[in-house]
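Novice: Next come a sequence and a model predicted from it.
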Amino acid sequence: MRNRDEALDVVRRAVRACGPADGAQATMVEKRRESTRYAENRIAEETRDEDETLCLRVWVDGREAAGCTAQLGAASIESFAQAVVEKARNASRAGGPPFALPGPQQYPEDIHPYIPATALWTPQQRAESVRIVIQQAGVNGLTIGGTYFTEVRQMAVANSAGLEAAYASTLAGLTAAADGAPSGAAGYGEGYARDVMQINPLEVAELAVSRALIGPSPIDLEPGEYEVVLDWAAVADLLRCLLPGFSAKAVQEGRSFLAGALGKNITGPQVSITEDPLTSDGLHHPFDSEGMPRQQVELIRQGVATGVVHDLHTAAREGTNSTGNAADPVSAIRGSGPMPASIFMAEADEELETLIGPVERGVLITRFGQLSMENQTGSLLSGTTQNGTFLIENGIIARPIRDISFRQDILEAFRGIELVSREQRLMIRNGCHIIAPMLKLGRLSF
């Protein structure tokens, strides 16, 4: 990968190549991801993927055009920039209020998203951790599979108003899905961190293996409404589906459950959700693809809708400031609006045993799969459970349940949250960092 100065040179060159345009903004993203995949207690595949993309947005006489390229030689950048400028000259006039490109910005100095150990982690080191997971499954008569990845990412941004910024970050993740126990149950574990040394393969394996060893053979659950306890991963799955609704663009276009709901109760008082890129438990990025510093944004406070996230375009429409949540450059070029990047759901004081204890007959859900929104405003959700679903009887996890389907308005379900755990876990969903507690819901419809 390029070093910081080389990355900045690419975006500076792209902006200069736009010549006398009214404004230009260039963003380059480089990514290297190395993965060790394993299945049926064997390492199956080792992959390495690298890519770099330059995206350019140009304004000429009130007209706007944009494009992306993977050809980053000097001559290629020149011709690409001239093509985008020409496209802008021939475009229809830009809609919405214009905004001035931001000049140089101040970024938090105590954010250090790049960990050298993660960037230098080898296939052999990943394989050793995977073998530990496989060994834990094997001695318990289970089959296990998943992925262990390490990733390095660099972003550089420059514009014609003098803004220049670059950062590099790392990420590591390990997933494990266990099954094949005599009972037919299943279990799942996952862990993520900037620093690969903070991922404990024994802990991830224990999460998966312990659940897969619960109880006798799985049963079918009769359709109906049940009390539910959601594991961290399941909570993160639901929050991931709600993320588009917190976009200012979706609200402005009436495609969000927050449209007309700001300042109103939309969930129960147990729910407080914040876009918090600076939380000590999260995975920090100092700025977004427009070079704007990431800001803390309170989205829901004790059940009341309080805010949305902005990029430069949506902020200009409302006469406010960007919160540093512009979409990744390729998605932004395709018309995607701002999105949350680091969601934090407030914890409470309960342990898992306290969440399960009051349940006379209910369901413990490890994860959700095949999730899809069924309404335009994005809160009516359908899907299935997966990787471990269990019947709770008289406050005890009694036995496995075969995966079951559900259809539920998630905001309505969140109005029925009764208990929230003390412990939280960091999850990655669709590139968003989600810090989630466990939840006890009064009911969910299966």
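Specialist: Everything's here; your move. Keep in mind that what you see is a predicted model, and the values were worked out from it rather than measured.
Novice: Only C-alpha atoms, please: export stretch 132-146 in CSV.
Specialist: C-alpha atoms of stretch 132-146 as CSV (Å, rounded to 0.1, in the frame of the first residue of the first chain):
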residue,chain,number,x,y,z
ILE,A,132,-7.3,-23.3,18.6
VAL,A,133,-10.9,-22.8,17.6
ILE,A,134,-11.1,-26.0,15.7
GLN,A,135,-9.5,-27.9,18.6
GLN,A,136,-12.1,-26.6,21.0
ALA,A,137,-14.9,-27.8,18.7
GLY,A,138,-13.2,-31.2,18.0
VAL,A,139,-12.7,-32.3,21.6
ASN,A,140,-16.5,-31.6,22.1
GLY,A,141,-17.6,-33.6,19.1
LEU,A,142,-18.6,-30.5,17.1
THR,A,143,-18.1,-29.2,13.6
ILE,A,144,-17.1,-25.6,13.3
GLY,A,145,-16.4,-23.1,10.6
GLY,A,146,-15.9,-19.4,10.0
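Novice: And the contacts of it?
Specialist: For stretch 132-146, the surrounding residues in contact (C-beta atoms under 8 Å, 6 or more residues apart in numbering) are 37-44, 174-182, 190, 201-202, 204-206, 208-209, 212-213. Yep, even glycine has a C-beta here, placed from its N, CA and C like the rest.
Novice: swap in stretch 113-129?
Specialist: Contacts to stretch 113-129, defined as C-beta under 8 Å, 6+ apart, come from residues 34, 36, 43, 46, 148, 150-152, 167-172, 174, 194-197, 199, 201, 283-286.
Novice: Buried among these? Need that as a selection in PyMOL.
Specialist: Buried subset of those, written as a PyMOL selection, criterion 16 or more other C-beta atoms under 10 Å:
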select buried, resi 34+36+43+148+150+151+152+167+168+169+170+171+172+174+194+196+199+201+283+284+285+286
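Novice: got the end-to-end distance for stretch 210-228?
Specialist: 20 Å (C-alpha to C-alpha, to the nearest Å).
Novice: Partner strands of the strand or helix carrying residue 167 and their direction?
Specialist: Assigned by DSSP states H and E, residue 167 falls within strand 164-179. Paired neighbours of strand 164-179 in the sheet (DSSP bridges): strand 143-159 (antiparallel), strand 187-193 (antiparallel).
Novice: which SS class is residue 239?
Specialist: Following DSSP: H, G, I helix; E, B strand; the rest coil, residue 239 is assigned to helix.
Novice: ok, how many other residues are close to it?
Specialist: Residues near residue 239, counting by other C-beta atoms under 10 Å, number 22.
Novice: All further residue positions should be reported with the first residue as 6.
Specialist: Renumbered: residue one is now 6, and that last one reads residue 244.
Novice: give the contact list for it.
Specialist: By C-beta under 8 Å, 6+ apart, the contact list for residue 244 reads 278, 348, 350, 434, 439, 441.
Novice: Quickly list the domain ranges of this structure.
Specialist: The chain is divided into the following domains under automatic domain parsing: 9-215, 223-450.
Novice: which one of those domains is the most hemmed in?
Specialist: Stretch with highest mean neighbour count among these: domain 223-450 (a mean of 20; mean count of other C-beta atoms under 10 Å).
Novice: and residue 399, backbone torsions?
Specialist: phi 50, psi 40 (degrees, to the nearest 10).
Novice: Now for it: which residues touch it?
Specialist: 365, 366.
Novice: Same check on residue 388?
Specialist: Going by C-beta under 8 Å, 6+ apart, residue 388 touches 373, 374, 375, 376, 377, 410, 411.
Novice: Regarding the last one, what is its secondary structure?
Specialist: Local secondary structure at residue 411 is given as strand here, using three-state DSSP.
Novice: Check the gap between it and residue 242 for me.
Specialist: 12 Å (C-beta to C-beta, to the nearest Å).
Novice: element containing residue 19?
Specialist: Using DSSP H and E, residue 19 falls within helix 9-21.
Novice: distance between that helix and the chain's centre?
Specialist: Its chain's C-alpha centre and that of helix 9-21 lie 28 Å apart, by C-alpha atoms, centre = their mean, to the nearest Å.
Novice: Check the average confidence over it, would you?
Specialist: Helix 9-21 comes out with an average pLDDT of 97.
Novice: Repeat that for stretch 40-49.
Specialist: Taken as a whole, stretch 40-49 carries a mean pLDDT of 97.
Novice: Repeat that for stretch 254-270.
Specialist: Stretch 254-270 carries an average pLDDT of 95.
Novice: how about the helices in the stretch 156-305 of the chain?
Specialist: Under the criterion DSSP state H, counting those that start in this stretch, helices of the stretch 156-305 of the chain are mapped to 206-217, 237-247, 253-257.
Novice: ok, then the element right after the least confident helix or strand in the chain by mean pLDDT?
Specialist: Ranked by mean pLDDT, DSSP states H and E, the weakest helix or strand in the chain is helix 334-338, scoring a mean of 87. Past helix 334-338, further along toward the C-terminus, the next helix or strand under DSSP H and E is strand 347-350.
Novice: following that following strand, which helix or strand shows up next?
Specialist: Counting by DSSP H and E, what follows strand 347-350 is helix 357-361.
Novice: So which elements touch the host helix or strand of residue 89?
Specialist: Taking DSSP H and E as the criterion, residue 89 maps to helix 79-94. Counting contacts by 3 or more C-beta pairs under 8 Å, 6 or more residues apart in numbering; DSSP states H and E, helix 79-94 is packed against helix 9-21, strand 47-65, strand 68-74.
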